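[1] Sharing a sequence plus its predicted fold:
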Amino acid sequence: MNNDNKKRKVSPVIWVIVSIAVIVAAVIVLIPVFAKAGVKISFDNIIPDTHKYASEYDLEVGKRKHSVLGVWTIRKAEHDGVICLDVYHPGTKDHERDYMDYLVFDSASDARKDFDKFHDKLEDYIQEEGDNWFTAWMPDVCDATIKSMFYLEDNMIISTDIEIYSEWTSAVDLPETTETTAPVFDRSLLKDYIFGNAPELRTYVLKTILPGKTPDEEREDVRASVLQEMERRGDR
């Protein structure tokens, strides 16, 4: 009788352990499968982000903050009563992300409304489009013909020029380069770059550019803060 009771008490524990083992094994097996299939797993996309990145950013509307991380400019603006941040790289470009302009909003719904306004304004010039992106020839541009891309990623609109034609430069007929001249960047590559990296671009802007610190600097600040608190409490 006592042995039977012990067995009944142990059985639920064993089932819990077995269940956890099965879940862990499934995660270990499925993550490489998803990665091979090109599916990107990010907790940023699983856990809702309620931080008000635009309205709570320490900057007055209409003002700019220059040289963030040494190269980025952040401007706080208001679009029809909605606060947003315009993040851009005005200097020499060293990476594909430097060619993008990022509009950051407090919420995905605010970003969608602004995205839809861009879409409606450029409707007659749109060349390609999907549910959260489109390309369009930009009207009223002097001395150049420009095709831009707009991509909606959660609470952010990513935009860039993917084709530029003028008497000085072209996205298709690139000038020949020599040993003494730098190669001209092919902007048409930016379209596929955005398709493949939009979530990472959003994370980089929100978690690195806006705080004005690299992840390593952020971790070092947290570490220093923890050590300072431990010393204050006499734990060290």
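    Arrived safely, thanks for sending.
[2] how long is stretch 131-148 end to end?
    16 Å (C-alpha to C-alpha, to the nearest Å).
[3] before we move on, what about stretch 91-99?
    So stretch 91-99: terminal residues 10 Å apart, C-alpha to C-alpha.
[4] in it, what's buried?
    Under the neighbour-count criterion of 16 or more other C-beta atoms under 10 Å, stretch 91-99 has 96-99 buried. (Each C-beta comes from the backbone N, C-alpha and C, glycine too.)
[5] before we move on, what about stretch 112-128?
    112, 114-115, 118-119, 122.
[6] what's the answer for stretch 50-63, then?
    Of the residues in stretch 50-63, 53-54, 57 count as buried by neighbour count, 16+ other C-beta under 10 Å.
[7] Give me the subset of those that lies in helices.
    Among those, none falls in helices (DSSP state H).
[8] Just give me the closest of those to Ala77.
    Taking C-beta to C-beta as the measure, Ala77 sits nearest to Ala54 out of the buried residues of stretch 50-63, at 9.0 Å.
[9] What does that closest one show for phi and psi?
    phi -80, psi -60 (degrees, to the nearest 10).
[10] Quick check: it touching Asp86?
    No. Between Ala54 and Asp86 there is no contact under C-beta atoms under 8 Å: 9.8 Å.
[11] Touching both of those two, which residues are there?
    Taking C-beta atoms under 8 Å, 6 or more residues apart in numbering as the contact criterion, the common neighbours of Ala54 and Asp86 are Lys76.
[12] just the helices in this protein please.
    Taking DSSP H as the test, the helices found in the chain are 2-36, 43-46, 108-121, 190-204, 215-233.
[13] any idea of the mean pLDDT in the last one?
    In this model, helix 215-233 has an average pLDDT of 65.
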